[in-house]
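**Q** here is my input, please return the structure:
(one chain, ligands or ions: 1)
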Amino acid sequence: MEIFENSKKVEQKIQQSLEKSGRSPQDLTVVAVTKTKTIPQVEELYQFGYRHFAENRVEGFLEKKEDMNLPEVKWHFIGSLQTRKVKTVINEIDYFHALDRESLAKEINKRADHTIACFVQVNVTGETSKHGVSPDGLESFIHVLSEFPMVKVVGLMTMAPVDANESELHECFGRLKNLQEVIEAKQLEYAPCRHTSMGMSNDYEIAIQEGASFVRIGSAFFE
Ligand SMILES: *Cc1c(COP(=O)(O)O)cnc(C)c1O
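**A** Next comes the predicted model:
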């Protein structure tokens, strides 16, 4: 019951944020982050209509996927991925949200048995503790990815600083949206880059107002 009530609250806030920014619900995909959650909890969300789920640890994800057998589920991997673990996970997922280095792209290219939809992770605010390519390095990084045909850049992803205030959040997400549009305008076949993956439980409303097309929401469903 709690998950149901939480999901209704989330959906209401999403609806309001979309309306506020004149956007259509079709342009937004809600990815439910189920890391550390049990299979019954995931199944509950599934029952309420959710089809996109995200995990950030290879082991937890593989166990969950093996033990769950629900049709139409899309799996997102949102954690940083060690190069040596690519081969065990890359063909089990539908989207990868944390592409941040050439060595990782190279390994994905080598191990993938189909084209992998990837988000390039961008460290918009330059925090030293964060993964992601710098905004200044983004164009050249995207260029390098043309060498890896199994990697398809569907968009950009970022995580806002945990202590950011509202205006800093707007700025962070707005900058990612601008970067995404710059790459999209290049019309690269290997990097259509139509999407932004941004916004978590504490900041998804702002991310949606700034044009997020994928939000990654975990604790708001469960706590
Ligand atoms: C955990 C996590 C989320 C979801 O965070 P919540 O605050 O629980 O909504 C989103 N993105 C990434 C990369 C995460 O690791």
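**Q** the helix or strand in which residue 181 is found and the ligand, are they touching?
**A** Here residue 181 sits within helix 166-185, counting by DSSP states H and E. No - using C-beta under 6 Å from any ligand atom, helix 166-185 never reaches the ligand; the gap is at least 13.2 Å. Where you see a C-beta, it was placed from the backbone N, CA and C, and this is true even at glycine.
**Q** distance between the next helix-or-strand element following that helix and the chain's centre?
**A** For helix 166-185, the following helix or strand on the C-terminal side (DSSP H and E) is strand 195-197. Chain-centre distance of strand 195-197: 7 Å, with C-alpha atoms, centre = their mean, to the nearest Å.
**Q** can you name the residues in contact with strand 195-197?
**A** Strand 195-197 is contacted from outside by 31, 97, 119, 154-158, 173, 176-177, 180, 207, 211-216, using C-beta atoms under 8 Å, 6 or more residues apart in numbering.
**Q** got the buried residues for the helix-or-strand element of the chain with minimal mean pLDDT?
**A** Using mean pLDDT, DSSP states H and E, helix 58-67 stands out as the lowest-scoring helix or strand of the chain, at a mean of 94. The neighbour-count check on helix 58-67 (16 or more other C-beta atoms under 10 Å) flags 58, 61, 64-65 as buried.
**Q** hmm, back to that, from the contact counts, what lies against the helix holding residue 181?
**A** With contacts taken as 3 or more C-beta pairs under 8 Å, 6 or more residues apart in numbering; DSSP states H and E, helix 166-185 sits against helix 138-144, strand 151-157, strand 195-197, helix 204-209.
**Q** okay, those, which one's buried deepest?
**A** Highest mean neighbour count of the helices and strands packed on helix 166-185: strand 195-197, a mean of 26 (counted as mean count of other C-beta atoms under 10 Å).
**Q** please see if that one touches the ligand.
**A** No - Strand 195-197 lies apart from the ligand when judged by C-beta under 6 Å from any ligand atom; the minimum separation is 8.3 Å.
**Q** mean confidence score for that strand?
**A** Across strand 195-197, the average pLDDT comes to 98.
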